[in-house]
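# Could you look at this predicted model? Sequence included:
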Amino acid sequence: MHQCKEMNKVIFVNHQDFDNEAKMVEYDKKFDEYGFPVRDGGGSNVTINYCPWCGKKLPESKLDDYMAILETLDIYGIGDEKIPDELKRDDWWEKRLCNKEGK
């Protein structure tokens with residue numbers, strides 16, 4: 001997770017309240033990605049690659065890795081019932097990708 005104190009303040013302000021206008025940045029642990037919430041009634045956001053406060057590069061999203069793993073299992077959608085329980089967890093990538101990268 002990104003270590004900018006200023007950004008973390010706005011991410012964790014009522015992080016479960018999607019409609020809270022004070023929440024300027026969201027963090028999706030499942031894909032290790034950050035974004036600006038789109039307030040159109042849905043749950044989408046605009047992914048950001050750099051911290052708006054300190055300017056440092058944010059971690060690469062794990063979404064492409066996730067989709068590649070699903071494809072190896074002949075699963076082609078995030079909502080598929082056949083997704084293994086391990087991949088339904090928010091921390092799926094910590095074990096799989098950190099072991100792969102030797103971390």
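Everything's here; your move.
# got the residue ranges for the helices in the protein?
5-11, 63-72, 85-88, 92-101 (DSSP state H).
# average pLDDT for the last one?
This predicted structure assigns helix 92-101 an average pLDDT of 73.
# Then the shortest one?
The average pLDDT within helix 85-88 is 93.
# quick one: contacts of it?
66, 69-70, 92 (CB atoms under 8 Å, 6 or more residues apart in numbering). (Glycine included, C-beta is placed from N, CA and C.)
# out of the helices of the chain, nearest to residue 32?
Proximity to residue 32 (CB to CB) singles out helix 92-101 among the helices of the chain, at 6.3 Å.
# that older thread, and the contacts of helix 85-88, which two are furthest apart?
Pairwise over the contacts of helix 85-88, using CB to CB, the maximum falls at 70 and 92, 10.7 Å.
# More neighbours: which of the two?
Using other CB atoms under 10 Å as the criterion, residue 70 and residue 92 rank with residue 92 on top: 21 against 18.
# out of everything not next to it in sequence, what's closest to that one?
residue 86 (6.0 Å; CB to CB, 6 or more residues apart in numbering).
# Quick check, residue 32 in contact with residue 61.
Yes. Taking contacts as CB atoms under 8 Å, residue 32 lies within contact range of residue 61: 6.5 Å.
# Give the residue from those two that has the larger number of neighbours.
More crowded of residue 32 and residue 61, by other CB under 10 Å: residue 32, with 22 against 16.
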